[in-house]
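Q: structure, please.
(2 chains)
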Amino acid sequence: QQQVKQSPQSLIVQKGGISIINCAYENTAFDYFPWYQQFPGKGPALLIAIRPDVSEKKEGRFTISFNKSAKQFSLHIMDSQPGDSATYFCASISSGSARQLTFGSGTQLTVLP
Amino acid sequence: KAGVTQTPRYLIKTRGQQVTLSCSPISGHRSVSWYQQTPGQGLQFLFEYFSETQRNKGNFPGRFSGRQFSNSRSEMNVSTLELGDSALYLCASSPRGHSGPYEQYFGPGTRLTVT
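A: Residues are numbered from 1 along each chain as shown, chains lettered A, B, ... in the order given. Here you go, the predicted model:
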């Protein structure tokens, strides 16, 4: 079964701190790893994504770190802000015929002012 | 570019009824996928359509069906509604053809409540 395991389930960080969310996958056919941000009442919004031939990708305050051998990837939010408070989902997709997004269970991030 | 739009945004139905949800993808996007989001099961893939053909289907019963029109707009239908079908139904569009890119962009969802 294709699975993506995400942790922690919830995270509380002080303003200015670093938020770290981790994901692990099982299917070695996965070759695209996006992160989505979802606010209450909204659909998930694509935040940042990485392919397995790259170990790190940074966009502004958001960084994905990727460890292919360990089949793990993580999202780092630097200088976390109260506006970052949302639910974050990691996801994976394979290049095979079944190319649907497989999502992690989500992390509810709260950034305290 | 306008984003993915979904109608209606909210829907209340009675058990046993059927419902049709609509999705208009981002202009130029030919792939439309549907997902169900619930607190217990999270985000789960329903199906994907490309050029009016279903290319991929998730592990949902046959009561869940969909279609795509020539203008890439898509509808999904749920027949014989059950209480467990209460969820946020999300549509995502992607520009990809038979090979990358993989980016999918989500609409705001339709909140379905079955009573």
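
Q: okay, and for chain B, where does confidence drop off?
A: Scanning chain B for pLDDT under 70 picks out B:1, B:96-101.

Q: quick check: residues of it near chain A?
A: B:4, B:33, B:35, B:42-45, B:48, B:56, B:58, B:90, B:92, B:102-109 (C-beta under 8 Å from any C-beta of the partner chain). Just so you know, the C-beta spots here come from the backbone N, C-alpha and C atoms, and that holds for glycine as well.

Q: can I get the buried part of those residues as one PyMOL selection?
A: The PyMOL selection below is limited to those of these classed as buried (16 or more other C-beta atoms under 10 Å in any protein chain shown):
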select buried, chain B and resi 4+33+35+42+43+44+45+48+56+58+90+92+102+103+104+105+106+107+108+109
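
Q: so which helix or strand takes in the spatially most central residue of chain B?
A: With distances taken as C-alpha atoms, centre = their mean, the residue of chain B nearest its centroid is residue B:34 (3.0 Å). Following DSSP states H and E, one finds residue B:34 within strand B:31-38.

Q: distance between that strand and the chain's centre?
A: Put simply, strand B:31-38 sits 4 Å off its chain's centre (C-alpha atoms, centre = their mean, to the nearest Å).

Q: got the CA coordinates for it in PDB?
A: Presented in PDB, the C-alpha positions along strand B:31-38 are these (Å, rounded to 0.1, in the frame of the first residue of the first chain):
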ATOM      1  CA  SER B  31      -6.300  17.300 -16.200                       C
ATOM      2  CA  VAL B  32      -8.900  17.400 -13.400                       C
ATOM      3  CA  SER B  33      -8.600  15.300 -10.300                       C
ATOM      4  CA  TRP B  34     -11.100  14.900  -7.400                       C
ATOM      5  CA  TYR B  35     -10.200  14.300  -3.800                       C
ATOM      6  CA  GLN B  36     -12.300  13.700  -0.700                       C
ATOM      7  CA  GLN B  37     -11.200  15.300   2.600                       C
ATOM      8  CA  THR B  38     -12.500  14.100   5.900                       C
END
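
Q: show me the contact partners of it.
A: With contacts defined as C-beta atoms under 8 Å, 6 or more residues apart in numbering or on different chains, strand B:31-38 is touched by A:100-101, B:23, B:25, B:43-50, B:55-56, B:60, B:66, B:68, B:72-74, B:76, B:86-97, B:104, B:106, B:109.

Q: and the next helix or strand past it?
A: Assignment by DSSP H and E places the next element after strand B:31-38 at strand B:42-50.
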